[in-house]
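Engineer: Sequence and predicted structure below; questions after.
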Amino acid sequence: MPLPTGDTIGILADNLALRQSVLPISAKSATRWAAGLELPRGGKTVLYTGMTYQLIPYIAAMNKAQEGIEDSFLVNFIGLGRRINKLINVSGLMARPSKSMQQVYNQILVNIVRLLKQAGVQFGYLYEDELYSGALIYDLGMDHVLKEHAQKVYATFKKYGVKKIITVDPHTTNMLRSVYPTMINGYDLTVQSYMEVLVERNLEPRNKLDTDVVMHDSCVYARYENVLNEQRTLMARAGVTIKEPANSGKFTMCCGGPAESLFPKKARAQAQKRVEQFKEVASNAVTMCPICYVNLQKAAGGAVQLEDISGYLVRAYC
């Protein structure tokens, strides 16, 4: 029996309304990646992680638990679980991520900071005051819950006098650049992904990588934010030959990730289809979305070496 969509989405929406995130994590876990980087607090320009990379290890752990529940008698208790979760953060107790996975995703954020510093960009960070963007709730159609949350995120930026936001992933970029302006009157923040900033700064590589990589475009970057050339420009300058799989660019294939919280098995099957397309082109693959990264990596196993684009860029530019 599949997971009940109403109660599953309801748990995520309840968490956002009650605890400011679809899957609440401690401020210590959310900000650990920034330790030792000496980023100033706040400022007119801030790096906004939207907590997506930090949440992925927890979401992956939750999805593993969901796979065990899907098609079992435990599905019948999801409704009860939702009622209890309103009182106690049960979802947080179920999601126990591995430290090694947390280190991998935290390192991606560190890589992005190193690249921006290398390009001479001045920026701050909101630390424990940074809130989740609400991207998953938007994907699931809970706009009435998202609208109230978006107001809180925007108010936090205004509190710190933020004018420009640098984002780290496609979903957060889309939320702040295209979705929030439809929900917030007078929205006046400038939003760019870090890759757009690096291209604008004309960052030059220090090392040539001389390798072939198949590129997986994020659906959100490709179809909603028109971020297609920046990743190719940065990789080409770094000496990387981009191999295009079937369904590339604006016609990129879904990684299956957006369906993960409701239909884990279907999500994995979709990711496997995409990995098979990679294998026809190259043995190394690159993505620039944490949701694509985690879902495709599970499907790839060791058949394809998948890496976030920030790893390639740091080796070339820093």
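Structural biologist: Nice, I can see it.
Engineer: Contacts only, for E244.
Structural biologist: With contact taken as C-beta atoms under 8 Å, 6 or more residues apart in numbering, E244 is in contact with V214, M215, V281. Glycine gets a C-beta too; all of them are placed from N, C-alpha and C.
Engineer: Just the pLDDT for the residue nearest to Q192 when sequence neighbours are not counted.
Structural biologist: Spatial nearest neighbour of Q192, excluding adjacent residues (C-beta to C-beta, 6 or more residues apart in numbering): I166 at 5.9 Å. Per-residue pLDDT puts I166 at 98.
Engineer: In contact with I166, which residues are there?
Structural biologist: By C-beta under 8 Å, 6+ apart, I166 lies in contact with T45, V46, L47, Y48, L116, V121, F123, Q192, S193, Y194, V197.
Engineer: quick check, the third one in a strand?
Structural biologist: Yes: assigned with DSSP: H, G, I helix; E, B strand; the rest coil, L47 falls within a strand.
Engineer: pretty sure it is touching R114, no?
Structural biologist: No: between L47 and R114 there is no contact under C-beta atoms under 8 Å: 11.8 Å.
Engineer: is it possible to export the contacts of I166 to a markdown table including distance to I59 and neighbour count?
Structural biologist: Output for the contacts of I166, formatted as a markdown table (distance: C-beta to C-beta, whole Å; neighbours: other C-beta atoms under 10 Å):
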| residue | distance to I59 | neighbour count |
| --- | --- | --- |
| T45 | 28 | 18 |
| V46 | 24 | 24 |
| L47 | 21 | 24 |
| Y48 | 19 | 26 |
| L116 | 26 | 21 |
| V121 | 29 | 18 |
| F123 | 26 | 20 |
| Q192 | 26 | 20 |
| S193 | 21 | 25 |
| Y194 | 22 | 25 |
| V197 | 27 | 22 |
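Engineer: possible to save the residues you listed as CSV with distance to H144 and pLDDT?
Structural biologist: Formatted as CSV, the contacts of I166 follow (distance: C-beta to C-beta, whole Å; pLDDT from 0 to 100):
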residue, distance to H144, pLDDT
T45, 31, 98
V46, 28, 98
L47, 29, 98
Y48, 24, 98
L116, 35, 98
V121, 36, 98
F123, 33, 98
Q192, 29, 98
S193, 28, 98
Y194, 31, 98
V197, 33, 98
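Engineer: So which of the residues you listed is the closest to C292?
Structural biologist: S193 (14.5 Å; C-beta to C-beta).
Engineer: does that closest one really touch T173, like I thought?
Structural biologist: Yes: applying C-beta under 8 Å, one finds S193 in contact with T173, separated by 4.9 Å.
Engineer: Pull up the overlap in contacts between the two.
Structural biologist: Shared contacts of S193 and T173 (C-beta under 8 Å, 6+ apart): T167, Y221, E225, V227.
Engineer: Just give the number of residues close to T182.
Structural biologist: A total of 10 residues lie near T182 under the criterion other C-beta atoms under 10 Å.
Engineer: Make 554 the starting number, not 1.
Structural biologist: All set: I'll call the first residue 554, so the last point we hit is now T735.
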